[in-house]
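Undergrad: predicted coordinates and the sequence they were generated for:
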Amino acid sequence: MLKINDLRKSYGKKEVLSGISLELLPGQIYGLVGENGSGKTTLFECIRHLQAYQGTVTMDTPAAIGYLPTALYFYPLMRGTEYIEFCLSARKLKINAAEIQSLNHLFELPLNDYAAEYSTGMKKKLAFMALLMQKNDILLLDEPFNGLDLSSCLILKQILLQLKAKNKTILLSSHILSSLTDICDTIVYLHHGKIQKTYSKDTFDIIEQEIMDGNIGEKLKAVVPLCV
């Protein structure tokens, strides 16, 4: 179990995460939804200890954590295959060329080409391939569907469901609510750095309306009369 307790993050006097507390269990997929600037990416980076923060992030047993950031960087002149091998070597894992090729039957990437020259969707798939081959116990996926075509989105959803069945813990964010309601067990709504509400699967049908009523409704009331 990954436990986040009273996590706070500030930039100067501006607090961007305000007392975030979550418990993420194995065999569950958690969705994180919120407007741009709500603190989703900052939360991922704090969980991964890429930023300093107040509060605690703990695990009840040792676990390997894989992080897929929304903005990906690849070294120039590094081929797709070399990137995967680099990620495996960083974890001291054996490089299995047959496994790389097997996974690539799904993702259909030009692994002999330079990764920095890939499209956004191809870069996303390459980074996700590397995470899969690292055999991570916990996956933090920031906007994993961004830039993917329809077929790749469907493949990714099926892989995530298979990982859930293998007792992995998955936390992913998306600005497309339907991509979360399709596969998540729980969805957390983050607004202005705070958890506004946590939804279980049997209440997913009210998420959109509650977000509209609570935070967007007043904006629409002000703007729509100007457009008609």
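TA: Thanks, I have the structure now.
Undergrad: which strands and helices sit next to the longest helix anywhere in the chain?
TA: Longest helix of the chain, by residue count under DSSP state H: helix 150-165. When contacts are defined as 3 or more C-beta pairs under 8 Å, 6 or more residues apart in numbering; DSSP states H and E, helix 150-165 packs onto strand 28-33, helix 97-107, helix 120-133, strand 169-173. Every residue, glycine included, has its C-beta placed from N, CA and C.
Undergrad: would you map the helices across the chain?
TA: Going by DSSP H, the chain shows helices at 40-47, 80-90, 97-107, 120-133, 150-165, 177-181, 207-211, 217-227.
Undergrad: what helices or strands is the second one leaning on?
TA: This points to helix 80-90. Secondary elements touching helix 80-90 (3+ C-beta pairs under 8 Å, 6+ apart): helix 120-133.
Undergrad: just the buried residues of the helix it packs on, please?
TA: Going by neighbour count (16 or more other C-beta atoms under 10 Å), the buried part of helix 120-133 is 121-133.
Undergrad: what does the pLDDT read for the residue nearest the centre of the chain?
TA: The residue lying closest to the centre of the chain (C-alpha atoms, centre = their mean) is residue 141, at 1.9 Å. Looking at residue 141, its pLDDT is 97.
Undergrad: nearest to residue 41, out of the helices and strands packed on helix 150-165?
TA: strand 169-173 (7.8 Å; C-beta to C-beta).
Undergrad: mean confidence for that closest one?
TA: pLDDT averaged over strand 169-173 gives 97.
Undergrad: report the contact partners of the residue nearest to the centre of the chain.
TA: Contact analysis of residue 141 by C-beta atoms under 8 Å, 6 or more residues apart in numbering lists 68, 128, 170-173.
Undergrad: now with 10 Å, please.
TA: The neighbourhood of residue 141, defined by C-beta atoms under 10 Å, 6 or more residues apart in numbering, consists of 29, 32, 44, 66-70, 124, 127-128, 131, 156, 160, 170-174.
Undergrad: again with residue 118
TA: Counted by C-beta under 10 Å, 6+ apart, residue 118 has contacts 72, 74, 80, 83, 109-110, 124-127.
Undergrad: ok, 8 Å please
TA: By C-beta under 8 Å, 6+ apart, the neighbours of residue 118 are 74, 80, 109-110, 126.
Undergrad: now the buried members of the residues you listed.
TA: Among those, the ones that count as buried (16+ other C-beta under 10 Å) are 74, 80, 109, 126.
Undergrad: let's have those residues in TSV, adding distance to residue 200 and pLDDT.
TA: Shown next, in TSV, are the buried ones among the contacts of residue 118 (distance: C-beta to C-beta, whole Å; pLDDT from 0 to 100):
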residue	distance to residue 200	pLDDT
74	38	94
80	39	97
109	36	97
126	34	96
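Undergrad: any stretches of this protein with poor pLDDT?
TA: 214-228 (pLDDT under 70).
Undergrad: partner residues bridging residue 173?
TA: residue 32, residue 142 (DSSP bridges).
Undergrad: my read: it touches residue 47, true?
TA: No - look at residue 173 against residue 47 with C-beta atoms under 8 Å: they stay out of range, at 11.8 Å.
Undergrad: more neighbours: these two, which one.
TA: residue 173 (26 against 22; other C-beta atoms under 10 Å).
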